[in-house]
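> how does the following fold in three dimensions:
(2 chains)
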Amino acid sequence: MIIHTASEGITLARKLENESAEFYEHLSQKYTKDAETFLSFSRENKKNVIQIDRVYYGVITDAIEGGYAFNLDPDNYAFSIGIPENASYADILKQAVEIENKIITFYTDAAGQSDSLMADVPRAFRLVAKKRESRLEKLQQLL
Amino acid sequence: MALLEEMIKGEKTLKNYIGGEWVESKGELVDVVNPANCKTIARVPISTKEEINSAVVAAREAFPDWRRTTPLARSRLLFRLKDLLEENFEEVSRIQTQEHGKTIDESRGETRRGIENVEVACGIPTLMQGYYSEDIAHGIDEWVIPTPLGVFGIIGPFNFPWMIPLWSAPYAVATGNCVIIKPSSEVPNSQTRLAELVEEAGFPPGVWNVVHGGRTVVNGMLDHTDITGITFVGSTPTGRDVIYKRCGETGKRVIAQCGAKNFMTIMPDCDMDRTVAAMMTSYFGNAGQRCLAAANAVIVGDDDSFYRSFVQKVVDMAASIRIGYGLDESIQMGPVRDKTKKAKILKYIETGIKDGAKLLLDGRQVKPEGGLPDTCFLGPTIFENVRPDSPVGSEEIFGPVMSIMRVKDLDEAIKISNANPFGNGHSIFTSNGKSAREFQYSIESGNVGINIGIVAPVAFFPFSGMKDSFYGVLHTQGKEAIRFFTESKVVIQRWF
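I've put the predicted structure just below:
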């Protein structure tokens, strides 16, 4: 179902952050060599949730177009956080890259659509997307 | 999409908050019903004359100490209250959705707007400063001291149960007055929860009181000689013929913010996509139950192609609005407050049809999401060819009904807007600065929007209104509220 309201959009952002955090926590337990990197991603995800919530709750007012903020299909950003038993470390890192790319696409799309939520919300989305791009570089280095 | 958790559970019997105590009322109890699912969520008392009188006594007794509390100390309590409101932001927002029906985004927006007024009032140490002139004559100085007045009554409407009393109350108490709030008995939970947070913040007993009820409480406020002033938000007949008139008779200060019939002028050079999205919120947000909701869409020009494509876009988008319980995050429009209000709106729709307006979108038969009863639900309704002097085109419907009118030029759009007795929140959508300037100059409206669908002033600006939309002089919010809640004491001093 297509997402239109600001509330749904923010909930989806939270979901993507929390699910990917869970994924990295699993990785940190399974691949202890790079555990600190994965845990830092997970911690950063939680900070992202706080930042996005703070911005949304700070700008939402009854006078803006909160009910018509987005036109997003959540299926476009869906990813699996399951870790296949036979997967190699390289496969897992590729999975992480795919997850990050999906989330970057989400934030980029959402930022482009959320002008009606005043500048703060799209700016926060773009900021998180940018942080994730630097995360992609770190994942590539682990490969 | 799953529902967010409801915050009101069970059926609590509400109490009055008088003199720092939660007091059971002796008045009749009335059910408060969630309009989305028709479940009773509380019972509210219709308080007696003795109960409003006891609140006035408590407020009057609290006043001398409270006015002697320094503005800085009063400000600190407001800061504490602001923190508590932030901590409980989501809870109070969901309460609004449960008791009023608005969507969760709308409720959160209302919560934010309310908090902003507390934030502005936190600046009272500087907002309340007077001014001074040395040597107005040789050796004589003169200055003004804004002084608090006593006890104020705040009468809230049903459409913004949380925010609207906060247009007044923070400024009243910040300036050293005491308040008695009478929430709408249809939506009393929000103000009850607010009073709990006020108590938790540590305001002294009697400074902030809440008395639930109806006419008896309002009349008790209007008649009581120890009430210095009233702020009211509601319909024009009540605001003009009861509140404003009786305050005049009893020598009270008054702010009476009343009804509206807002005209939105749409120029052919507008940004069509952004305009249509803004229109959805303006006409159908809060299910049209806003004094700043647009009601009439005045489309300017003889370009048939623009007119047809614009109207089609509006109808298509309105037809796709998801209707249901506001605690479902995907919902874009909730129910109207109750079935009586729905019946009144339906009557207007039928009148519009009889008067020859063309019904482009009929919201009378609607199936809300989730199999909810349709008792209080209506869909967006759009009329075309509405005459501005017809009941649908001229009277306040207070529901999700858009009336489209077509005019030849901007002058005609302004003329028909100004011919309406209300003047609350007219707006224009255009990319032409000259048109925008001419509109804001000539339009008779207290709040004017330029590419803004809901012209809701932020807390540090007055919430204005003209003509039949406002009775009084000063307005709620910001500096005007500070002036309303204080008297200018002028001191002229000479020493021998």
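
> what sits against residue 95?
Answering for chain A, as no chain was given. A:80, A:83, A:87 (CB atoms under 8 Å, 6 or more residues apart in numbering or on different chains). In short, each C-beta sits where N, CA and C put it, glycine included.

> try chain B instead
Counting by CB under 8 Å, 6+ apart, B:Ile95 has contacts B:7-8, B:162, B:189-190, B:193.

> distance of the residue nearest in space to the middle of chain B from B:Arg364?
Residue closest to the mean C-alpha point of chain B, counted by CA atoms, centre = their mean, is B:Ile164 at 4.6 Å. Per CB to CB, to the nearest Å, B:Ile164 is found 29 Å from B:Arg364.

> just to revisit the earlier point, which ones are touching the residue nearest to the centre of chain B?
So B:Ile164 contacts B:156-157, B:233 (CB under 8 Å, 6+ apart).

> likewise for B:Ser445?
Contacts of B:Ser445 by CB under 8 Å, 6+ apart are B:262, B:417, B:423-426, B:466.

> confirm B:Thr228 sits in a helix?
No. Under DSSP: H, G, I helix; E, B strand; the rest coil, B:Thr228 falls outside any helix and is assigned strand.

> for A:Ile3, see how far away it is.
50 Å.

> okay, now the closest residue in space to B:Thr48 that isn't next to it in sequence: neighbour count?
The spatially closest residue to B:Thr48, leaving aside those adjacent along the chain, is B:Gly27, at 5.1 Å (CB to CB, 6 or more residues apart in numbering or on different chains). Each residue near B:Gly27 was counted by other CB atoms under 10 Å in any protein chain shown, and the total is 21.

> residues contacting B:Gly27?
B:45-48, B:51, B:213, B:216.

> restricted to strands, list the residues you listed.
B:45-46 (DSSP state E).

> quick check, B:Val315 in a helix?
Yes. Judged by three-state DSSP, B:Val315 forms part of a helix.

> I'd say it and B:Ile382 touch.
Yes. Here B:Val315 reaches B:Ile382: they are 5.8 Å apart, a contact under CB atoms under 8 Å.

> name the residue in those two with the higher neighbour count.
B:Ile382 (25 against 18).

> quick one: pLDDT of B:Val300?
Listed pLDDT for B:Val300 reads 98.

> is it bridged to anything, and to what?
Counting by DSSP bridges, B:Val300 is bridged to B:Val407.

> show me the contacts for it.
B:265-268, B:407-410, B:412-413.

> now the buried members of those residues.
The neighbour count (16 or more other CB atoms under 10 Å in any protein chain shown) marks B:265-268, B:407, B:410, B:413 as buried among the contacts of B:Val300.

> show me where the stretch 351-496 of chain B has its helices.
Along the stretch 351-496 of chain B, the stretches classed as helices by DSSP state H, counting those that start in this stretch are B:391-394, B:410-419, B:433-442, B:478-484.

> the ones you listed: which one's closest to B:Leu197?
Of all these, helix B:478-484 sits nearest to B:Leu197, with 20.4 Å by CB to CB.

> hey, C-alpha coordinates of that closest one in CSV?
Only the C-alpha atoms of helix B:478-484 are listed here, as CSV (Å, rounded to 0.1, in the frame of the first residue of the first chain):
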residue,chain,number,x,y,z
GLY,B,478,1.8,36.6,21.4
LYS,B,479,2.1,40.3,22.3
GLU,B,480,-1.5,41.0,21.9
ALA,B,481,-2.4,38.4,24.4
ILE,B,482,0.1,40.0,26.9
ARG,B,483,-1.7,43.3,26.4
PHE,B,484,-5.1,41.6,26.8
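
> contacting residues for residue 104?
Looking at chain A here, since you left the chain open. With the criterion set at CB under 8 Å, 6+ apart, A:Ile104 makes contact with A:129, A:132-133, A:136.

> the intended chain is chain B.
B:Ile104 neighbours (CB under 8 Å, 6+ apart): A:7, B:4, B:93-94, B:97, B:326-327, B:329, B:331.

> and with 7 Å instead?
A:7, B:4, B:93-94, B:97, B:326-327, B:329 (CB atoms under 7 Å, 6 or more residues apart in numbering or on different chains).

> also B:Glu329?
So B:Glu329 contacts A:5, A:7-8, A:11, B:1, B:4, B:104 (CB under 7 Å, 6+ apart).

> one more: B:Met163?
B:110, B:113-114.

> if you look at these, which of them are in helices?
B:110, B:113-114 (DSSP state H).

> just put those in CSV and tack on pLDDT.
Shown next, in CSV, are the ones in helices among the contacts of B:Met163 (pLDDT from 0 to 100):
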residue, pLDDT
B:Glu110, 96
B:Arg113, 96
B:Gly114, 97
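
> so which of these reach chain A?
B:110, B:113 (CB under 7 Å from any CB of the partner chain).

> out of the ones in helices among the contacts of B:Met163, who's the most crowded?
B:Glu110 (28 neighbours).

> what does the stretch 1-150 of chain B have sitting close to chain A?
B:89, B:103-106, B:108-110, B:112-113.

> at 6 Å what do you get?
Those residues of the stretch 1-150 of chain B that sit near chain A, judged by CB under 6 Å from any CB of the partner chain, are B:104-106, B:108-110, B:112-113.

> of the residues you listed, closest to B:Ala55?
Nearest member of those to B:Ala55, counting by CB to CB, is B:Glu110, at 25.4 Å.

> for the closest one, give me its contacts.
Contacts here follow CB atoms under 6 Å, 6 or more residues apart in numbering or on different chains; on that basis B:Glu110 touches A:62, B:96, B:160, B:162-163.

> how many neighbours does residue 123 have?
Chain wasn't specified; assuming chain A. When neighbours are counted by other CB under 10 Å, A:Arg123 comes out with 13.

> I was after chain B.
There are 15 residues near B:Gly123, going by other CB under 10 Å.

> do the same with B:Met7
Count around B:Met7 with other CB under 10 Å applied: 19.

> mind listing what it touches?
B:91, B:94-95.

> ok, now B:Val179?
B:152, B:154, B:169, B:172, B:208.

> among those residues, which are in helices?
Those of the contacts of B:Val179 lying in helices (DSSP H): B:169, B:172.

> how does chain B divide up, domain by domain?
B:12-258+B:469-494, B:262-450 (automatic domain parsing).

> so can I have JSON lines of those domains showing distance to A:Tyr57?
Converted to JSON lines, these look like this (distance: least, CB to CB, whole Å):
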{"stretch": "domain B:12-258+B:469-494", "distance to A:Tyr57": "6"}
{"stretch": "domain B:262-450", "distance to A:Tyr57": "14"}
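
> roughly how far apart are the residue lying farthest from the centre of chain A and chain B?
When distances are taken from the C-alpha mean of chain A, A:Ala63 lies farthest, 27.7 Å away, according to CA atoms, centre = their mean. Between A:Ala63 and chain B the computed distance is 4 Å (CB to the nearest CB, to the nearest Å).

> that residue is in contact with B:Ile452, isn't it?
No. Counting by CB atoms under 6 Å, B:Ile452 is not a contact partner of A:Ala63; they are 7.5 Å apart.
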